[in-house]
Structure formats: C-alpha cells, structure tokens
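>>> Here is a sequence together with a model predicted from it:
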Amino acid sequence: MSTFKSIFPRRHTFLAVVHVECEAQALRNTRIAEQEGADGVFLINHSISSDCLLNYYGLVKEQLPNFWIGINCLDLGRSAIDFIPKHAAGLWVDNAGINEDVKSLYFAQEFEDRRKTSGWDGLYFGGVAFKYQREVADTARVAKFAIPYVDVITTSGAGTGIAAKIDKIRTIKNAIGDHPLAIASGITPENVDDYMPYTDCFMVATGISDSHTELNPSRVRALAKSLGK
C-alpha cells in the first residue's frame, strides 16, 4: 500500500478542492490547480449527486491522467468506498467515525475491513474533530485513536472557510507525531505560514477561490509559492 510520504515526499502538500458542478467546470478548475502549482485536487459534490461526481471524475482523469485526483462524495460518507473507482488516488470522508469513546473504533475497523476487500489502494483522508460533525472534547485522544485507521488525519475549523485554532492543530500534531495531518478549512495564502510547522497537507477551496465553484489562478499560485512550490 502506498503511503502519503511516498506519494508526496516534500514537507508540505497542497491539494486544491474543486466543488464540482459539471464536467467542463471540473476540468477547467483542475487544470488551474495543476498549472498553478497544486500537488493535486479533491473533487467534491455539494449540488450534484455522487453518481454525477464519479462520472465527472472519470472524464477529468481521462484528460489529466498523471495528476493526483481524489474524491469526496458528501452524500455517501464512508460508504463511498463501495463506489469509487479502484484507481482513484484518494478518498476524503468528512467523518471517520472516531470519537473519545473506544466503542467508536468499531466503525473505524468496519471501514478498514471494507477497504481491504474493496480492491481500492488509494490514500484515505478521514475527518477527525471535523466541522459539522460530533463535537470532540479531547482532540489528542481522538487523533491517537485514528492513527491505525486513517492515512491522513484530516481536521478543520468550526465551519467552511473558518480557520482552525492553532492550539487545536498543535495539539493534534503533538499527539500523532510523524503521522500525516491535513487541514481542510480556512487556509489562505495570507495565513498558511502560521500552520506550516504543524501541518503536512493543506486542502483548500474558499481561500483560493473567486466563488464557491471557481478557483482564482493567482491565489492558487500565491498559496503554492508560500509553500515553496
């Protein structure tokens, strides 16, 4: 199985997030991400079904076969493992199902078992202490629980476009050590420096966009430059 660092060996990874509407829009924004210095993209559905998202993913991948492209099917959650293409580079799930209760690891193990039999061999980005999910009081404990089950522990601020508190990110990173940590809200070219000591991967949409569905090429490039790309 590939590891995060074998795919993204540099200190920081930048994955642009494309809120997909249609094939042309998904392809246009993925090309912007590729051309302006992102390491890859996640395609995510808000206004369309997962069936449409997976169809557009396939069409975009045909055009950009060598670019790293992951998927987040918001309407499927962890069950997306049963539907994504076997060659999909990454799966992002907002809720990895892990909280302070040890019993929650049943759901993490259930997903792990399904993953092993699915034939899919990409990177799993699992939401931990993530926006709009069950509130977590002990982030360090939950983050440690997630290590065996989640390739890239993915957290966020309180909501879309809201930056995570530095103390939260520092606490998680101190708890998980070298295990990869991603932030998926509130990162901009202006604030990314604050998070770089504690974060391996930045998954960014609002901070580099002109609108909910259109990336801003100059802001994509600015964030890539801030990360030394």
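Perfect, thanks for sending it.
>>> contacts, neighbours, all on C-alpha from now
Noted.
>>> which phi and psi does the residue with the largest distance to the centre of the chain have?
Taking C-alpha atoms, centre = their mean as the measure, the residue most remote from the mean C-alpha position of the chain is Lys103, 25.1 Å away. Here is the backbone geometry of Lys103 (degrees, to the nearest 10): phi -60, psi -20.
>>> Can you name every helix or strand that the longest strand seen in the chain contacts?
The residue-count maximum for a strand in the chain (DSSP state E) belongs to strand 13-20. Counting by 3 or more C-alpha pairs under 8 Å, 6 or more residues apart in numbering; DSSP states H and E, the packing neighbours recorded for strand 13-20 are helix 23-35, strand 40-45, strand 201-204.
>>> can you redo the ones you listed as JSON lines with mean neighbour count?
Written out in JSON lines, the entries for the helices and strands packed on strand 13-20 read as follows (neighbours: other C-alpha atoms under 10 Å):
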{"stretch": "helix 23-35", "mean neighbour count": "19"}
{"stretch": "strand 40-45", "mean neighbour count": "24"}
{"stretch": "strand 201-204", "mean neighbour count": "25"}
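>>> Of all these, which one is nearest Arg114?
The stretch from the helices and strands packed on strand 13-20 with the least distance to Arg114 (C-alpha to C-alpha) is strand 40-45; that distance is 21.7 Å.
>>> With just CA atoms, put the following helix or strand past that closest one into PDB.
Towards the C-terminus, the helix or strand next in line after strand 40-45, according to DSSP states H and E, is helix 50-63. Output in PDB follows, covering the C-alpha atoms of helix 50-63 (Å, rounded to 0.1, in the frame of the first residue of the first chain):
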ATOM      1  CA  SER A  50     -22.300  11.200  -6.200                       C
ATOM      2  CA  ASP A  51     -23.200   9.400  -9.400                       C
ATOM      3  CA  CYS A  52     -22.600  12.600 -11.300                       C
ATOM      4  CA  LEU A  53     -19.400  13.400  -9.400                       C
ATOM      5  CA  LEU A  54     -17.900   9.900 -10.100                       C
ATOM      6  CA  ASN A  55     -18.800  10.300 -13.800                       C
ATOM      7  CA  TYR A  56     -17.100  13.700 -14.000                       C
ATOM      8  CA  TYR A  57     -14.100  12.400 -12.100                       C
ATOM      9  CA  GLY A  58     -13.700   9.700 -14.800                       C
ATOM     10  CA  LEU A  59     -13.900  12.300 -17.500                       C
ATOM     11  CA  VAL A  60     -11.400  14.600 -15.800                       C
ATOM     12  CA  LYS A  61      -9.000  11.800 -15.200                       C
ATOM     13  CA  GLU A  62      -9.000  10.900 -18.800                       C
ATOM     14  CA  GLN A  63      -7.800  14.400 -19.700                       C
END
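>>> List the buried residues of helix 50-63.
Ser50, Leu53, Leu54, Tyr56, Tyr57, Gly58, Leu59, Val60, Lys61 (16 or more other C-alpha atoms under 10 Å).
>>> Do I have it right that the last one meets Gly70?
No - no contact is recorded between Lys61 and Gly70 when judged using C-alpha atoms under 8 Å, the distance being 10.1 Å.
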